[in-house]
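Novice: Using only what follows, build the 3D model:
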Amino acid sequence: MATETRQSARKRRHRRIRRRVVGHPERPRLAVFRSLKHIYAQVIDDMAGQTLAAASSRDSAAEGATKLERAADVGTRLANRTKELDITAVVFDRGGHRYHGRVKALADAVRAGGIAL
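Specialist: Numbers count the residues shown, from 1 in each chain. Alright, predicted model coming up:
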């Protein structure tokens, strides 16, 4: 049996998570993708197959900030965009990543912005 790479292991975990996590119009899915440099987050209605709101660290105003601070900024901006759509609760999809570091900082910032996870 061939050894599994980090990326294939993450994809396998993500598929396992997605079997249970589904976004509905009243409680859409907050999907997180983390690359080496940036973090991206989207609020998705899976029933309609539509992205409702999105934010990423690429369009962040925090230039000299650490990756952890930029992740928190992304969470804050996403919470504001989500509240404008009158959405108060989302289902959190960590994308196969551990709930740790940047993923946790983004989730905590979304919670602080008034969105229930």
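Novice: Run through the residues that contact residue 12.
Specialist: 4, 96 (CB atoms under 8 Å, 6 or more residues apart in numbering). Heads up, the C-betas are built off the backbone N, CA and C, glycines and all.
Novice: and it, what element?
Specialist: Counting by DSSP states H and E, the secondary-structure element that holds residue 12 is helix 6-18.
Novice: model confidence over that helix, on average?
Specialist: Per-residue pLDDT over helix 6-18 has a mean of 91.
Novice: Do you have the strands of this protein handy? List them.
Specialist: For the chain, the strands identified by DSSP state E occupy 29-34, 39-45, 50-56, 91-93, in order along the chain.
Novice: What helices and strands are in contact with the third one?
Specialist: The one in question is strand 50-56. When contacts are defined as 3 or more CB pairs under 8 Å, 6 or more residues apart in numbering; DSSP states H and E, strand 50-56 sits against strand 39-45, helix 67-84.
Novice: got the strands of the chain as TSV, with mean neighbour count columns?
Specialist: TSV is the format used below for the strands of the chain (neighbours: other CB atoms under 10 Å):
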stretch	mean neighbour count
strand 29-34	22
strand 39-45	22
strand 50-56	17
strand 91-93	20
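Novice: of the ones you listed, which approaches residue 13 most closely?
Specialist: Distances from residue 13 to each of the strands of the chain were compared using CB to CB; the minimum, 11.3 Å, belongs to strand 91-93.
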